[in-house]
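# Provided below for reference: sequence and predicted model.
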Amino acid sequence: MEFAHIAPEAAADPTTESRSGWRGVAVPSLVAGAGIAIGVLLHLRDPHVDGSYGTCPVYALTGWYCPGCGGMRAVHNLTDGQLVDALHSNLLAIPLVLAFALWVGDWTIRAWRGRSMRLPTVSRTTMWTFFVLLAIYTVLRNTPWGTLLTPV
């Protein structure tokens, strides 16, 4: 009968402490700051003005609105407090901004406590469901029936 050799687990090195407190939240704070800076930029420089940020390459090549078209306009509308216009510009922008804020908040709390960042896990079924809904959203916003979903 053969026995497998199992190596002992390495003991934690007491000289390397996990960063917690103010030192731990440095990177999440930079990421949050970048998100806030993008929001401020989109508030100050209106993406509704033609050519202010260029043209979406998908729209320029095909004439179709991609799922991201209108996202910058939606964030601009959010910073102006115009929720309905933000939803009209891009239906996906509000959930994505909210998910980003929750993720950075969770990361900051975990970093303060000395824990590592966690990424959300998504099942294969959820992922494919999301991709199918994204395709339906893209096709629908480019048809005459989906004019409510086109960017304003």
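Yes, it's here.

# For burial, what's the neighbour tally of residue 54?
The criterion is other C-beta atoms under 10 Å. On that basis, residue 54 has 8 neighbouring residues. In this view, the C-beta of every residue, glycine as well, is placed from N, C-alpha and C.

# How about the backbone phi and psi for it?
The phi/psi pair for residue 54 (degrees, to the nearest 10) reads phi 90, psi -170.

# And it, how close does it get to residue 67?
For residue 54, the distance to residue 67 equals 18 Å [C-beta to C-beta, to the nearest Å].

# likewise residue 118?
26 Å.

# higher neighbour count, those two?
Set side by side, residue 118 and residue 67 show more neighbours around residue 67, with 16 against 10, by other C-beta under 10 Å.

# Name all residues that make contact with the more buried one.
Going by C-beta atoms under 8 Å, 6 or more residues apart in numbering, residue 67 touches 92, 134, 137-138.

# and it, how far is that from residue 47?
Applying C-beta to C-beta, the value for residue 67 to residue 47 is 16 Å.

# for residue 40, same thing?
For residue 40, the distance to residue 47 (C-beta to C-beta) stands at 13 Å.

# before we move on, what about residue 108?
Going from residue 108 to residue 47 by C-beta to C-beta gives 28 Å.

# And residue 37, by the same measure?
As for residue 37, its distance to residue 47 is 15 Å (criterion: C-beta to C-beta).

# More neighbours: these two, which one.
For residue 37 and residue 47, the more surrounded residue by other C-beta under 10 Å is residue 47, and the numbers stand at 20 against 10.

# quick one: secondary structure of the more buried one?
Three-state call for residue 47 (DSSP: H, G, I helix; E, B strand; the rest coil): coil.

# ditto for residue 35
Per three-state DSSP, the local secondary structure of residue 35 is helix.

# burial count for it?
Residue 35 has 14 neighbours, counted by other C-beta under 10 Å.

# And for residue 97?
17.

# Please, which helix or strand holds residue 101?
In this assignment (DSSP states H and E), residue 101 forms part of helix 93-112.

# Okay, now the unreliable bits of the protein?
The chain contains residues with pLDDT under 70 at 1-18.

# Alright, I will stop here.
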